[in-house]
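> generate coordinates for the sequence data below:
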Amino acid sequence: MRVVLEEESLRDGLQGESRLFSLAEKLQLVRLLVNAGFRRLQLGSFVNPRSVPQMANTDVLVSLARKAFPDLLCTALVLNEKGLERAVRCGLDHVSMSVSVSDSHSLRNVGRPAAEALESMIGLIAVAVVGGSRVRAGVQCAFGCAYEGTVSEATVLAAVEQMAAAGASEINLADTTGMAHPLQVKRLVAKVRAACPEVELSLHFHDTRGLGLLNMYAGFEAGVRLFDVAAGGLGGCPFVPGASGNVASEDAVHLLHGMGVDTGIDLPLVCRAVEYIEKLLDRPLPGRMCRVLSSVPAGEDKPGF
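Have a look, this model is predicted:
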């Protein structure tokens with residue numbers, strides 16, 4: 001049995017960091033993650049660099065990463081027509097497009113009500129697919145909104161069905177606010193798979209309330225085999241109060257390997273990537289397993305790792 005982990009530290013992880021990473025630093029992080037065994041990386045987003053300065057060099061990074069690692073599935077976030085044009089120009093044929101199903105979050109994130117943003121995104125998905133791109137369509141706040149509370153499953157399902165009909169080959173349910181719980185995850189996954197059985201499903205969890213790994217496990221039990229992670233647990237939505245990072249890559253790898261699930265990823269090598277990020281940011285990251293591994297004295301066996 002195998003699970004694929006998409007590493008998102010270069011996009012979701014860095015987007016809110018004030019310390020800007022140079023192109024060379026980002027490329028070195030790509031190398032470390034690829035060496036650790038990741039074969040699917042979200043390298044950035046094609047957004048206005050004045051709004052998100054950290055993403056200013058995404059075009060060049062994509063081009064360099066595709067050339068250096070031809071077997072790597074490179075992807076990036078696209079939110080509008082200009083972003084799609086940039087993605088196509090640098091040779092990207094796999095894009096992530098996401099929209100919030102919460103009005104309050106959507107207004108803060110893209111300045112548009114959820115229904116309006118969804119309508120626009122459906123059109124953009126169709127354009128991308130006709131142009132030859134593979135599209136992962138994401139539903140933000142799929143498990144709840146920090147401003148509005150509960151988000152109805154009917155609203156999520158309606159968005160999913162419309163994006164799948166527009167040509168998205170993968171649907172990503174995002175717990176943007178970290179409000180999901182395991183039973184909710186299982187229930188929504190089952191409903192989405194029943195509604196769109198032909199579309200691959202992936203999950204994106206934030207660990208805001210400490211349930212990230214539990215929710216990942218619930219998704220795994222429900223049959224999902226593709227999850228988003230970020231080295232060290234880096235990340236968080238700038239438009240969500242108190243939001244923390246994604247599920248830490250190293251913690252997810254440890255969980256899955258402990259269950260006998262293959263990821264193709266080397267845990268100690270993931271920790272090298274985490275150490276690199278921590279050095280650049282000059283602070284520890286919230287992921288757990290790198291600290292666990294570093295606490296074992298050199299030369300001693302590391303049972304269970």
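
> tell me the contacts of residue 54?
14-17, 20-21 (C-beta atoms under 8 Å, 6 or more residues apart in numbering). All C-beta atoms are positioned from the backbone trio N, CA, C, and that covers glycine.

> residue 233 too?
207, 244-248, 251, 285-287.

> excluding chain neighbours, what is closest to residue 181?
residue 211 (6.2 Å; C-beta to C-beta, 6 or more residues apart in numbering).

> quick check, the one you found in contact with residue 184.
No - applying C-beta atoms under 8 Å as the test, residue 211 and residue 184 come out as separate, 10.0 Å apart.

> show me the contacts for the residue nearest to residue 181.
Applying C-beta under 8 Å, 6+ apart, the residues near residue 211 are 178, 180-182, 205.

> give the contact list for residue 114.
With C-beta under 8 Å, 6+ apart, residue 114 has these contacts: 99-103, 105-106.

> which phi and psi does it have?
Main-chain dihedrals, residue 114, degrees, to the nearest 10: phi -60, psi -40.

> burial measure for the closest residue to residue 248 other than its chain neighbours, as a count.
Of all residues beyond its chain neighbours, the one nearest residue 248 is residue 287 (3.1 Å), with distances taken as C-beta to C-beta, 6+ apart. By the criterion of other C-beta atoms under 10 Å, residue 287 has 28 neighbours.

> my guess is residue 287 meets residue 252, correct?
No - using C-beta under 8 Å, residue 287 makes no contact with residue 252, being 9.3 Å away.

> in a strand, residue 45, correct?
Yes - according to DSSP: H, G, I helix; E, B strand; the rest coil, residue 45 belongs to a strand.

> the residue nearest to it when sequence neighbours are not counted: what's it in contact with?
Spatially, and ignoring its direct neighbours in sequence, residue 45 is nearest to residue 77 (3.6 Å; C-beta to C-beta, 6+ apart). Listed by C-beta under 8 Å, 6+ apart, the contact set of residue 77 reads 11, 42, 44-47, 83, 95-98.

> for the stretch 51-200 of the chain, just list every one of the strands.
Under the criterion DSSP state E, counting those that start in this stretch, strands of the stretch 51-200 of the chain are mapped to 73-78, 94-100, 134-140, 170-175, 200-205.

> and the third one with strand 200-205, angle?
For strand 134-140 and strand 200-205, the angle between their directions (axes from the mean of the first three to the mean of the last three C-alpha atoms, to 10 degrees) works out to 40 degrees.
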